[in-house]
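K.L.:
could you work out the structure for the sequence below:
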Amino acid sequence: MPVYNESTFMKKRLTNIYEQTFTDFEIIISDNGSTDNTFEICEEHAIKDKRIKKIKQSKNMGWVWNHKFVAEKACGKYFVWAAADDIWESDFLEKNIKILDTMKNVVASVSKIERYGPKIEEFQNDPDDGIFSTMYKKMRRHFRPFGPYPASGDYAKKIKIYLKKPSALGLYSVFRTDALKNSLVKDRISVWDLAFTLEFLKHGDLHVIDEVLLHRYTKGVSSHGIWDEYFRQKEIRFFEVIFPHSSFTLWCWKNVGKKNFVKNIHNFIWLNCWGPIGIGFNTINAIKQKLSN
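P.N.:
As a prediction, the model looks like this:
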């Protein structure tokens with residue numbers, strides 16, 4: 001569990017993990033320099049449950065660094081990143097581990113994912129939307145539908161799926177630990193989770209169980225997240241604030257194979273156009289909200 005300022009969710013999330021029907025696991029919590037009482041909550045639970053291993057970082061190292069940190073600490077056969085504000089059904093681990101135990105070609109297994117939270121209908125059109133908002137939401141639903149998507153077969157086929165529909169929700173799969181550790185992209189990339197997805201697909205298939213076992217908290221998409229990464233966490237360069245897929249595109253050129261890159265050139269063009277459109281839309285919305293308050 002890579003966490004930062006998650007005191008609102010920590011108790012509920014840890015209880016949710018305790019309720020799993022599969023119980024033979026270790027919980028590695030890395031507190032990324034929280035300024036609230038997240039770590040104190042972790043300490044309280046660690047006293048009661050010896051499966052918890054807690055680490056406190058002296059400062060916020062960025063979300064990518066923290067995700068890689070907990071992954072490198074893993075020593076079990078399987079591994080899963082557990083977001084503090086997500087909710088698993090009680091058999092989430094059991095059913096995904098069963099897939100990995102029985103399907104040797106699969107390196108990552110997850111279920112269908114359902115949203116919950118205040119912004120689950122964020123990209124549904126509203127009668128009050130202007131022309132720009134209506135067009136943006138329609139494009140968003142078409143080109144960025146809510147994943148994850150199963151991906152099997154040869155590598156060219158698998159990466160085509162995730163370049164056409166660039167969902168990074170496979171990040172919340174249960175992984176084979178050895179494949180996961182060999183897929184932790186070292187490059188500094190603004191869409192690191194998507195690069196990681198393409199990297200782990202080199203090692204095998206992604207299976208999606210045909211039922212909802214994971215509920216993902218949706219706070220709403222805004223430009224705040226990527227600006228926050230630049231100004232506070234310094235995880236990305238300023239150029240990537242406007243063109244967030246630029247470093248990802250360069251990484252793909254070097255890592256997915258030149259033939260695969262050329263075959264998907266239209267998807268890379270779209271991704272690099274999408275970034276400025278999305279940032280512009282979110283910035284306009286943020287300005288409108290400030291003016292209305």
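K.L.:
counting by contacts, list what the longest strand along the chain packs against.
P.N.:
Assignment by DSSP state E gives strand 205-217 as the longest strand of the chain. Other helices and strands packing on strand 205-217, by 3 or more Cβ pairs under 8 Å, 6 or more residues apart in numbering; DSSP states H and E, are strand 87-88, helix 92-102, strand 106-116. Placement of C-beta: from N, CA and C, glycine included.
K.L.:
strand partners of the first one, parallel vs antiparallel please.
P.N.:
Read it as strand 87-88. strand 205-217 (antiparallel) (DSSP bridges).
K.L.:
so what angle separates the directions of the strand it pairs with and helix 92-102?
P.N.:
180 degrees (axes from the mean of the first three to the mean of the last three Cα atoms, to 10 degrees).
K.L.:
shaky segments in the stretch 101-250 of the chain?
P.N.:
By pLDDT under 70, the weakly predicted segments of the stretch 101-250 of the chain are 119-126, 128-145, 219-242.
K.L.:
in it, what residue spans correspond to helices?
P.N.:
Assigned by DSSP state H, counting those that start in this stretch, the stretch 101-250 of the chain shows helices spanning 131-143, 155-164, 177-181, 192-200, 224-228, 238-242, 246-255.
K.L.:
quick one on the thing from earlier: could the helices and strands packed on strand 205-217 go into JSON lines alongside mean neighbour count and distance to Asp193?
P.N.:
As requested, these are arranged in JSON lines below (neighbours: other Cβ atoms under 10 Å; distance: least, Cβ to Cβ, whole Å):
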{"stretch": "strand 87-88", "mean neighbour count": "19", "distance to Asp193": "19"}
{"stretch": "helix 92-102", "mean neighbour count": "18", "distance to Asp193": "18"}
{"stretch": "strand 106-116", "mean neighbour count": "20", "distance to Asp193": "13"}
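K.L.:
need those in TSV with distance to Ser58, can you?
P.N.:
Shown next, in TSV, are the helices and strands packed on strand 205-217 (distance: least, Cβ to Cβ, whole Å):
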stretch	distance to Ser58
strand 87-88	30
helix 92-102	31
strand 106-116	32
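K.L.:
which of the ones you listed sits closest to Phe69?
P.N.:
Phe69 sits nearest to strand 106-116 of all these, at 19.5 Å, using Cβ to Cβ.
K.L.:
okay, that closest one in PDB with CA atoms only?
P.N.:
Taking C-alpha atoms only, strand 106-116 is exported to PDB below (Å, rounded to 0.1, in the frame of the first residue of the first chain):
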ATOM      1  CA  VAL A 106      -1.300 -14.900 -17.400                       C
ATOM      2  CA  VAL A 107       1.000 -12.600 -15.500                       C
ATOM      3  CA  ALA A 108      -1.700 -10.200 -14.200                       C
ATOM      4  CA  SER A 109      -5.300 -10.800 -13.200                       C
ATOM      5  CA  VAL A 110      -7.900  -8.200 -12.200                       C
ATOM      6  CA  SER A 111     -11.700  -8.000 -12.300                       C
ATOM      7  CA  LYS A 112     -14.100  -5.600 -13.800                       C
ATOM      8  CA  ILE A 113     -14.000  -2.300 -12.000                       C
ATOM      9  CA  GLU A 114     -16.900  -0.200 -10.800                       C
ATOM     10  CA  ARG A 115     -16.700   3.500  -9.900                       C
ATOM     11  CA  TYR A 116     -17.900   4.900  -6.600                       C
END
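K.L.:
would you give the sheet partners of it, along with the direction of each?
P.N.:
With DSSP bridges as the test, strand 106-116 pairs up with strand 174-176 (antiparallel), strand 205-217 (parallel).
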